[in-house]
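Enquirer: Structure for this input, please:
(2 chains)
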Amino acid sequence: MAEYAIEMLNITKKFPGIIANDNITLQLKKGEIHALLGENGAGKSTLMSVLFGLYQPEEGEIHKNGKRVTINDPNDANALGIGMVHQHFKLVECFSVLDNIILGVETTKGGLLQKEEARKKVVALSEKYGLSVDPDAIVEDITVGMQQRTEILKMLYRDNDILIFDEPTAVLTPQEIQELLTIMKNLAAEGKSILFITHKLAEIMQVADRCSVLRKGKYIGTVSVKDTTPEKLSAMMVGRDVNFVVEKKPATPKEVVLDVRNMTVASKHHKNNAVNNVSLQVHRGEIVCIAGIDGNGQTEFVYGLSGLEPLKSGTITMNGADITHLPIRRRLTMGMSHIPEDRHKHGLVLDYSLEDNIVLQRYFEPQFTNPFGFLKRKEIRKYANRLIEQYDVRSGQGAVTKARSMSGGNQQKAIIAREIDKNPELLIAVQPTRGLDVGAIEYIHKQLVAQRDAGKGVLLVSLELDEVMNVSDRILVMYEGEIVGEFDPKKVTVEELGLYMAGSKRKEAVR
Amino acid sequence: MSTEQKKEGSLLKKCIRNNGFQTIIGSLLCIIIGLFIGYIVLLVINPQGAGKAITAILKNFLYYPSAAAAKKYFGTTLVKASALLMCSLSVLFAWKVGLFNIGAAGQYVIGAGACLYCGLKFGMPWYGCLFAAMIAAALVGAISGALKAYFNVNEVISCIMLNWIGLYVVNMLLSNVKEQTTPYTRPLSSVNKSALLPNIGLDKLFSKNEFVTIGLLLAVVAAIAIWILLEKTKFGYELKATGLNKNAAKYCGMREKTNIILTMMIAGGLAGLGAGIFYLTGIEQWMVQQTSVPAMGFNGIAAAFLGGSNPIGAIFSSYFIQHITSGGTYVDKTMYCSQISDLISAFIIYLCGFVFFFKVRLNRYLDKRDEKKGGAK
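Expert: Predicted coordinates for the structure are as follows:
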């Protein structure tokens, strides 16, 4: 038997104007967990698309068990036992777990579904690998962690032996991450080969056997994890040393810039309030962080602040002025900047050019619109070019590039440039580093701290505990629409925060 | 390869990649295919007359041997095309803001009703009638817009219902100003000459075709104005942003609800103006027993898409659609039934969706080719 389950040898894939994969070799041993590390745009997705037959490489070969194979489309990949858990799950929300698992490979007899056999197989698999799921639960009712286990069972049900995990921990709580990593180890011990795509170095150190690093389409190298350190890995990834700890001076909070009292926002999904009687203050010169697991009212709280959703009750005061009932535009021109959670839904008009997106918050100012209502295109171009240079926003054709064609990191940089250059009094940043690589995260954290040091109030909403601990000056934990604790990041541990985030502990009467 | 050849190659490449160029090619292709299918249908029905019939449709006014007569009927085609252009502007303007204004037909009807009533009942001059047509149709558009903005009622549903409401309201209204013996409204030329649009000498260019008026120029000016509004102004920037991403528009403080209502108002006003520049020429009288919404508004949808939803493109596509529609009346009625011209224009209109399909396929092909080339280097 050959040593490698799958080998991608000297893969080169070119697109017009860019070499996405330049002579990349990836060898996955049987029964190992192999991490694939690289920044956004490093070529990881292209490489996986080649493995799934979505792209044909110009050069290079793919071998399975030492034999050369050709993969022309995803069906070929499935036939070879290659399966993938996508970052965004591909589940039918209103189907049961079992239905989702058998979808596409149903056993039938005379045209009727034979679910009993399938159920037995699923139960056996879940016991074997410690993947606890309820086969009859409806997917939209179960936790994200259980949805992910359903995805894993989908691969196992199809007898896949090469399992690809695309950033699987991005959506999980710390506890769920630990469970997942244990499951991955079990799978590897049973002889499955795992390709683990991630940005998080700590997880690589914890579970992976080896790690291959890509940078700007080039293959940098493969290292054995036990012989390396997170610092070395990140240096390989970004090509320079990266600061993990955000460098910042102690905060010097000044007067209050944002004062929220007893804010309540109705929920669209259930009868309870999404945000329930929340009061908090943000001072100039401090970064206040709202930590919590996704879906505990953070989104609605920010919608209430920015005016995207009406309040049920409560007041918002910014810079001493009551803005509770002001329209969105007024709040924004009064000094609020908002880096939205969902850059595609709110942050950008994807089919507009980069320059049109950069002036999205300012196009109406006399600087960009003349008194007759015509846009000053020259001024817009000049302004956009300045921001593009200053904030290092990279794109194919500069200011006229369609936002849709830009990478996620650069889209985010464009939004950040736009919001920060407005020179706000209050900067609301919701998950500003979601889905970004180490280099971009470092950059964005620096910008947040710079805003704080310039005397602005910064309200950060984050699901990443590392970010919460490193960037903030004060942490508020939100659970089920309420603030359940306030902490000093220097005096609290991640584990302690995790308990509050999961609702097993709470402090009363937090102001 | 010499440098000159290379330059030429890249120019051609740029052209092929250009959106406008692709639309033109796509539109021409779908016209050719539509005519071809139409020809086959003619062949199936009656093989003898097919060739003659298809040339009659394409020749339209050139059917007349005398140059003077041809010019006259060219003028008539232009008058109808200008109304069609207004309707297609109405559709494409809403389309740019992400709304499908199938109500252009109903807005057109309301516009017709308003201008004829003002002209015949109140004896208002032409500009008053035009204004009334525009305002009335804009208000009808605003109803659909408001329903969409505040109650999220699909504009297609509300527009279609308003089309029928509009038709019967106008029939009722215009019954007050109809001729005693016929179901037609009284002719403007005998009741109120001041309501007729001025010719400013244009009629002389078309062998004294009195129906050729400033309406022609108004329609072209409207097309250019809509293009400027969409491409050059702050208002256009906001409207397009609302159409492309309603959430982002709201996020950055645009009043997306107001924008939706305004868009439907402007779209309605355009269709109403179209009715005005048609009926105020006196070319046709309204038949108050009509039981179907005039096709003008629906053809506007086709013209908008055939023109690549570009106001300037719409000028040409509107003319073309009107050209073949008018041409259809010259088909030999002893061999084919009178609906045959509608059928053929329907084929072409139906194929308009093909313009988008063609663009997608062409771009995919070009990408593939570039990809291969990239690999060969």
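Enquirer: use CA for all of it now, contacts and neighbours both
Expert: Will do.
Enquirer: check contacts around the closest residue to chain A within the stretch 51-200 of chain B.
Expert: Residue nearest to chain A within the stretch 51-200 of chain B: residue B:96 (12.1 Å; CA to the nearest CA). For residue B:96, the contacting residues are B:239-240, B:243, B:309, by CA atoms under 8 Å, 6 or more residues apart in numbering or on different chains.
Enquirer: how about a cut-off of 10 Å?
Expert: B:230, B:236, B:239-244, B:263, B:309-310 (CA atoms under 10 Å, 6 or more residues apart in numbering or on different chains).
Enquirer: Over to residue A:471?
Expert: Contacts for residue A:471 were tallied using CA under 10 Å, 6+ apart; they are A:245-248, A:287-289, A:445-446, A:448-449, A:460, A:489.
Enquirer: Where does the prediction get shaky in the chain?
Expert: Since you didn't name a chain, this refers to chain A. Scanning chain A for pLDDT under 70 picks out A:1, A:16-17, A:40-41, A:171, A:240-244, A:269-271, A:435, A:508-511.
Enquirer: not what I meant, chain B
Expert: For chain B, the ranges with pLDDT under 70 are B:1-11, B:13-15, B:338, B:352-353, B:370-377.
Enquirer: going on from the lengthiest helix in it, what's the next piece of helix or strand?
Expert: Secondary structure of chain B read by DSSP state H shows that its longest helix is helix B:67-96. Downstream of helix B:67-96, the next assigned helix or strand under DSSP states H and E is helix B:104-121.
Enquirer: Just give the number of residues close to residue 348.
Expert: I went with chain A, as the question did not name one. Summarising burial for residue A:348: neighbours were counted as other CA atoms under 10 Å in any protein chain shown, giving 31.
Enquirer: not what I meant, chain B
Expert: 26.
Enquirer: residues touching it, list them.
Expert: For residue B:348, the contact set (CA under 10 Å, 6+ apart) comprises B:27, B:30-38, B:302, B:306, B:321, B:324, B:342, B:354.
Enquirer: Helix or strand: which one has it?
Expert: helix B:340-350.
Enquirer: before we move on, what about residue A:8?
Expert: Judged by DSSP H and E, residue A:8 forms part of strand A:4-15.
Enquirer: What of residue B:147?
Expert: Applying DSSP H and E, one finds residue B:147 within helix B:126-151.
Enquirer: same thing with residue A:262?
Expert: Using DSSP H and E, residue A:262 falls in strand A:256-266.
Enquirer: quick one: strands adjacent to the helix or strand just after that strand?
Expert: Downstream of strand A:256-266, the next assigned helix or strand under DSSP H and E is strand A:273-283. In the sheet, strand A:273-283 lines up against strand A:256-266 (antiparallel) (DSSP bridges).
Enquirer: what's near enough to touch residue B:253?
Expert: A:306-308, A:327-333, A:360-361, B:247.
Enquirer: among those residues, which are in helices?
Expert: Going by DSSP H, the helices hold A:306, A:328-333, B:247 from the contacts of residue B:253.
Enquirer: Now distance to residue B:66 too, for these, in JSON lines please.
Expert: What follows is the ones in helices among the contacts of residue B:253, written out as JSON lines (distance: CA to CA, whole Å):
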{"residue": "A:306", "distance to residue B:66": "70"}
{"residue": "A:328", "distance to residue B:66": "66"}
{"residue": "A:329", "distance to residue B:66": "64"}
{"residue": "A:330", "distance to residue B:66": "67"}
{"residue": "A:331", "distance to residue B:66": "69"}
{"residue": "A:332", "distance to residue B:66": "68"}
{"residue": "A:333", "distance to residue B:66": "67"}
{"residue": "B:247", "distance to residue B:66": "59"}
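Enquirer: Would you mind giving the residues you listed as CSV with neighbour count and distance to residue A:407 added?
Expert: Supplementary listing: the ones in helices among the contacts of residue B:253 in CSV, determined by neighbours: other CA atoms under 10 Å in any protein chain shown; distance: CA to CA, whole Å:
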residue, neighbour count, distance to residue A:407
A:306, 27, 26
A:328, 22, 28
A:329, 18, 28
A:330, 14, 31
A:331, 19, 30
A:332, 24, 27
A:333, 14, 29
B:247, 21, 21
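Enquirer: Check those and tell me the two furthest apart.
Expert: Distances among these were taken as CA to CA; the most separated pair is A:333 and B:247, at 18.5 Å.
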